[in-house]
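Visitor: sequence-free structure coming up:
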């Protein structure tokens, strides 16, 4: 008890919390309210000590449950104790003090046991049994001697008016083994079941993660494959943009090629052209000819232009021994074919 009383942290007493934690575990495992003990613990078999004669021993040896040998009522002192429910964490100390004040035997010669028989109105009703230790030792020795060949584990108890109360210190070490084993098996099955359910719940998540990873790998592989295609497409788009810009730029300029072909067809070999320009529907050419007037007549008779005029007089170029001319011609839009 001193170890419990010394539980403190930075001056904060933790003994109360420790006692409540221990009490909670005991109530879950051994309390009648939760029901674990009723579900998993083998049925308790009670056999009065005075009836354990040669006829009753064989039945006791074949018993497989929790064996409790009942002490004679004449050798048991039964008392009652009421405590507040909040004092349950100090149950052993309270019962020990109660037994000390009620026992007709010395402290060393007193054996006792207790059991909570009622919880109502915020209080605990407790049945307490007091037995002389010599009586308990004699009864335990007699039963152990009778059952020595079978090795059956047993405990000593007493019957009160409201319950069967086990005598502390006289309970076989193997009495709780079947209950603990069944409880352990149940816990293992429960853990296995919960683990199975958790695994089944995780399977969709794992499958989704794997599928997402596969799609991500496919995406990266596709991106690597189309990388060159994307580069070519970008170059194509850039080229198309340049072509569009060129077309926009050239759309504002007249096409000289058709008129060069037409003029070449009607121009004599002795005529040299050194300049050609188009503004709207007016074609202007400049060059050298042996007879500029004859060339003007040739152009007028070709039928390509509505009129052919000379904006300036013809001049003689002595070095070339030809006449320098400039002619302006007007043509219809439909002639640009």
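Guide: Here it is on my side, so go on. Everything numeric in this text was worked out from a predicted model, so none of it was measured. Numbering: from 1, shown residues only.

Visitor: next up, phi/psi of residue 122, please.
Guide: Backbone torsions of residue 122, given as degrees, to the nearest 10, read phi 70, psi 20.

Visitor: just for the stretch 101-250 of the chain, where's the confidence low?
Guide: Low-confidence segments of the stretch 101-250 of the chain (pLDDT under 70): 148-151, 250.

Visitor: which residues of it fall in strands?
Guide: 110-120, 123-132, 155-159, 164-171 (DSSP state E, counting those that start in this stretch).

Visitor: what count of nearby residues applies to residue 305?
Guide: Applying other C-beta atoms under 10 Å, we find 20 residues neighbouring residue 305. For the C-beta atoms, the positions are set from N, CA and C on the backbone; glycine is no exception.

Visitor: hmm, I was thinking of residue 28
Guide: Neighbour tally, residue 28, other C-beta under 10 Å: 13.

Visitor: and what of residue 45?
Guide: Neighbour tally, residue 45, other C-beta under 10 Å: 15.

Visitor: quick one on the thing from earlier: figure out which of the strands of the stretch 101-250 of the chain is closest to residue 211.
Guide: strand 110-120 (56.3 Å; C-beta to C-beta).

Visitor: which strands and helices sit next to the closest one?
Guide: Secondary-structure packing of strand 110-120 (3 or more C-beta pairs under 8 Å, 6 or more residues apart in numbering; DSSP states H and E): helix 91-102, strand 123-132, helix 133-146, strand 164-171.

Visitor: could you redo those as a markdown table and give each row distance to residue 302?
Guide: Formatted as a markdown table, the helices and strands packed on strand 110-120 follow (distance: least, C-beta to C-beta, whole Å):
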| stretch | distance to residue 302 |
| --- | --- |
| helix 91-102 | 134 |
| strand 123-132 | 134 |
| helix 133-146 | 147 |
| strand 164-171 | 137 |
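
Visitor: and the residue nearest the centre of the chain, how close does it get to residue 198?
Guide: Centroid-nearest residue in the chain, with C-alpha atoms, centre = their mean: residue 205, separated by 7.8 Å. Per C-beta to C-beta, to the nearest Å, residue 205 is found 11 Å from residue 198.

Visitor: do the same with residue 227
Guide: To residue 198, residue 227 is 43 Å away according to C-beta to C-beta.

Visitor: before we move on, the earlier item: just the strands of the stretch 101-250 of the chain: most buried one?
Guide: Counting by mean count of other C-beta atoms under 10 Å, strand 155-159 has the highest mean neighbour count of the strands of the stretch 101-250 of the chain, with a mean of 23.

Visitor: per-residue pLDDT of residue 36, please?
Guide: pLDDT, residue 36: 65.

Visitor: quick one: residues in contact with stretch 111-121.
Guide: 33, 81, 85, 88, 91, 95-96, 99, 103, 124-133, 136, 157-158, 162-170 (C-beta atoms under 8 Å, 6 or more residues apart in numbering).

Visitor: pretty sure residue 296 contacts residue 307?
Guide: No. Between residue 296 and residue 307 there is no contact under C-beta atoms under 8 Å: 10.9 Å.

Visitor: in stretch 294-308, what's buried?
Guide: Across stretch 294-308, burial judged by 16 or more other C-beta atoms under 10 Å covers 295, 296, 298, 299, 300, 304, 305, 308.

Visitor: gap between the first one and residue 330?
Guide: Read that as residue 295. On the measure of C-beta to C-beta, residue 295 and residue 330 end up 17 Å apart.

Visitor: a strand runs through residue 47, doesn't it?
Guide: Yes. The assignment for residue 47 is a strand, going by DSSP: H, G, I helix; E, B strand; the rest coil.

Visitor: how far away is it from residue 168?
Guide: Distance from residue 47 to residue 168, by C-beta to C-beta: 20 Å.

Visitor: by residue count, what's the longest helix in the chain?
Guide: helix 177-225 (DSSP state H).

Visitor: packing partners for that helix?
Guide: helix 36-40.

Visitor: can you name the residues bridging to the nearest residue to residue 315 once chain neighbours are set aside?
Guide: Distance criterion C-beta to C-beta, 6 or more residues apart in numbering; nearest residue to residue 315, sequence neighbours excluded, is residue 324 at 4.9 Å. When bridges are called by DSSP bridges, residue 324 pairs up with residue 288, residue 315.

Visitor: again with the one 4 residues further on
Guide: Assessed by DSSP bridges, residue 328 has beta-bridge partners residue 284, residue 309.

Visitor: show me the contacts for the closest residue to residue 134 other than its chain neighbours.
Guide: Spatial nearest neighbour of residue 134, excluding adjacent residues (C-beta to C-beta, 6+ apart): residue 109 at 6.7 Å. The contact partners of residue 109, by C-beta under 8 Å, 6+ apart, come to 132, 133, 134.

Visitor: what is the mean pLDDT for stretch 302-316?
Guide: 87.

Visitor: show residues contacting it.
Guide: 262, 266, 283, 292-293, 296, 299-300, 322-332, 335.

Visitor: returning to that earlier point: so which of the buried residues of stretch 294-308 comes closest to residue 317?
Guide: residue 295 (14.3 Å).

Visitor: gap between the host helix or strand of the closest one and the chain center?
Guide: Using DSSP states H and E, residue 295 maps to helix 292-301. Chain-centre distance of helix 292-301: 95 Å, with C-alpha atoms, centre = their mean, to the nearest Å.
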